[in-house]
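[1] the sequence and its predicted three-dimensional model are supplied below.
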Amino acid sequence: MKVRKPKIDEFGVEVRTLEDWLGTLGLSEYTEMFIDNGWDNLMVVHELAEYDLDLMNIKNRVHRAKILHAVSCLQY
């Protein structure tokens with residue numbers, strides 16, 4: 001059985017799900033939007049780019065910057 005290693009966010013906190021990750025960023029309101037657009041797990045979130053935020057219609061500059069920074073900090 002393959003065990004998934006937890007990812008570490010920008011704060012050094014282990015996150016295992018997209019929901020956990022967005023929650024640590026204080027952006028849990030985007031969880032459904034991420035899932036609806038196919039960004040449903042952390043294995044794919046590390047590929048997220050600014051263009052994808054445009055497609056999801058995330059316009060808040062602070063939120064966009066926070067998400068993109070956190071993506072760049074994800075470690076596995």
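    Sure, I can see it. Numbers count the residues shown, from 1 in each chain.
[2] what segments of this protein are helices?
    Ranges of helices in the chain, per DSSP state H, are 18-24, 31-36, 42-45, 50-55, 61-73.
[3] now the first one: buried residues?
    In other words, helix 18-24. The neighbour-count check on helix 18-24 (16 or more other CB atoms under 10 Å) flags 18, 20-22, 24 as buried. Backbone N, C-alpha and C define where each C-beta goes, glycine included.
[4] which stretches of the chain have low pLDDT?
    1-14, 75-76 (pLDDT under 70).
[5] the residue nearest to His46 when sequence neighbours are not counted - how many residues pack around it?
    Distances taken as CB to CB, 6 or more residues apart in numbering place Leu74 nearest to His46, at 5.1 Å, with adjacent residues excluded. Counted with other CB atoms under 10 Å, the neighbours of Leu74 add up to 16.
[6] same thing with Lys59?
    Neighbours of Lys59 using other CB under 10 Å come to 9.
[7] ditto for Met43
    The local packing of Met43 (other CB under 10 Å) involves 11 other residues.
[8] measure it to Arg16 for me?
    11 Å (CB to CB, to the nearest Å).
[9] fine by me, we can end here.
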